[in-house]
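Participant: turn this into a model:
(one chain, ligands or ions: 1)
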Amino acid sequence: MTQTREEFEARLRQIGAERYHDKHPFHDLLHGGRCTPDQVRAWVINRYYYQHTIPMKDAAFMSRVEDPALRRAWRSRIEDHDGHGENEGGIERWLRLADAVGLDRAYVAAREGVLPATRFACDAYLRFVRDKTLLEAVASSLTELFAPKIHANRIEGLLQHYDFADERALSYFKRRLSEAPKDVAFGLQWVLDHADTQEKQDAAAAALEFKTDVLWAQLDALYSAYVTPARIPPGGWQPGTYLRAVAA
Ligand SMILES: O=C(O)c1cc(C(=O)O)c2c(n1)C(=O)C(=O)c1cc(C(=O)O)[nH]c1-2
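Facilitator: Numbers count the residues shown, from 1 in each chain. As a prediction, the model looks like this:
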């Protein structure tokens, strides 16, 4: 049976409550100050691949949208990451974090040393948004409903526990606190408006579950490669390499 708007929204929120990556043990380590400097670096390197993918998936999405009003509402997402005018953009802010944790930013930006499962997960997200219905594509972005809380926890945890953490290093997360809510408020209303049959509601819910898997799989990959017993796959970043040259 088709759910009411309220029931369907509650169903989407329940997916986050059960499956969002705030519950992943790697985040407990990271936010609780129990990651080594190299584990933090591995996270920064791998998560950059996600950052790199996001504006590409948004561009793939927009290339399929025929409604100018929807494109107009969506396009700030690309500018948020790539920058616009005075705003240097989220990708640059992520590279500041790479600087702060002592990594060579050119290495991070080149996306070498990224774990295979990170690539597979992020590439799957891009393909999903390119190939599925617009409703599924928008629904897959709704993990951002749950992101402000994890960003706030991260800012607090990193500031409390790690010497590298300061306002400049964490500017990516601070900025997302104001960017994400506007995006997700629009996305949620759009999904609620368009998922008007049971079939569409099921497809949108499945898309959101798929996206929680995309996020979870990236942290599983990190955990298995860099937390005991660490098993770094061939080609993965080796701790101690590609550190930033420090002036003598
Ligand atoms: O740190 C996080 O946990 C987290 C999660 C997510 C998410 O839920 O997909 C995003 C972000 N951050 C983020 O910073 C971001 O720009 C973003 C864009 C999107 C998207 O699917 O369009 N998700 C996320």
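Participant: quick check: the residue of the protein nearest the ligand.
Facilitator: Thr143 (3.2 Å; Cβ to the nearest ligand atom). Every C-beta, even on glycine, is put in place using the N, C-alpha and C of the backbone.
Participant: show me what contacts that residue?
Facilitator: Each residue near Thr143 by Cβ atoms under 8 Å, 6 or more residues apart in numbering is listed here: Gly16, Tyr20, Leu208, Lys211, Thr212, Leu215.
Participant: please redo it, this time with the cut-off set to 10 Å
Facilitator: For Thr143, the contacting residues are 15-16, 19-21, 150, 180, 184, 208-212, 214-215, by Cβ atoms under 10 Å, 6 or more residues apart in numbering.
Participant: same check on Pro239?
Facilitator: Thr36, Pro37, Asp38, Gln39, Arg41, Ala42, Tyr226, Ala230, Ile232 are the contacts of Pro239 under Cβ under 10 Å, 6+ apart.
Participant: ranking these by neighbours, who comes first?
Facilitator: Within the contacts of Pro239, most neighbours by other Cβ atoms under 10 Å means Ala42, with 29 neighbours.
Participant: these two touch, right, Ala100 and Leu170?
Facilitator: Yes. Using Cβ atoms under 10 Å, Ala100 is in contact with Leu170, at 8.4 Å.
Participant: what do these two both touch?
Facilitator: In contact with both Ala100 and Leu170: Leu158, Tyr162, Phe164, using Cβ under 10 Å, 6+ apart.
Participant: compare the residues you listed and tell me which has the most neighbours.
Facilitator: Counting by other Cβ under 10 Å, top hit in these: Leu158 with 22 neighbours.
Participant: how close does that one sit to Val138?
Facilitator: 31 Å (Cβ to Cβ, to the nearest Å).
Participant: which residue is nearest the middle of the chain?
Facilitator: Tyr50 (5.7 Å; Cα atoms, centre = their mean).
Participant: for that residue, list the residues it contacts.
Facilitator: Tyr50 sits next to Trp94, Val114, Thr118, Ala121, Cys122, Tyr125, Val214, Leu215, Gln218 when contact means Cβ under 10 Å, 6+ apart.
Participant: quick check: the fifth one touching Gln51?
Facilitator: Yes. The pair formed by Cys122 and Gln51 meets the contact definition of Cβ under 10 Å, at 9.4 Å.
Participant: which of these two has more neighbours?
Facilitator: Ranked by neighbour count (other Cβ under 10 Å), Cys122 and Gln51 place Cys122 first, with 26 against 20.
Participant: now that one: closest residue in space that isn't a chain neighbour?
Facilitator: Residue nearest to Cys122 in three dimensions, not counting chain neighbours: Thr53, with 4.2 Å by Cβ to Cβ, 6 or more residues apart in numbering.
Participant: list the buried ones in the helix ranked longest in the chain?
Facilitator: The longest helix of the chain (DSSP state H) is helix 198-226. The neighbour-count check on helix 198-226 (16 or more other Cβ atoms under 10 Å) flags 200-201, 203-205, 207-226 as buried.
Participant: near the ligand, from those?
Facilitator: Among these, the ones lying near the ligand by Cβ under 6 Å from any ligand atom are Leu215.
Participant: isn't Phe128 up against Leu208?
Facilitator: No. The criterion here is Cβ under 10 Å, and Phe128 misses it with Leu208 at 11.4 Å.
Participant: got any residues that touch both of these two?
Facilitator: Common neighbours of Phe128 and Leu208 (Cβ under 10 Å, 6+ apart) are Glu136, Ser140.
Participant: what's the closest non-adjacent residue to Trp190?
Facilitator: According to Cβ to Cβ, 6+ apart, the nearest residue to Trp190 is Val138 (5.4 Å).
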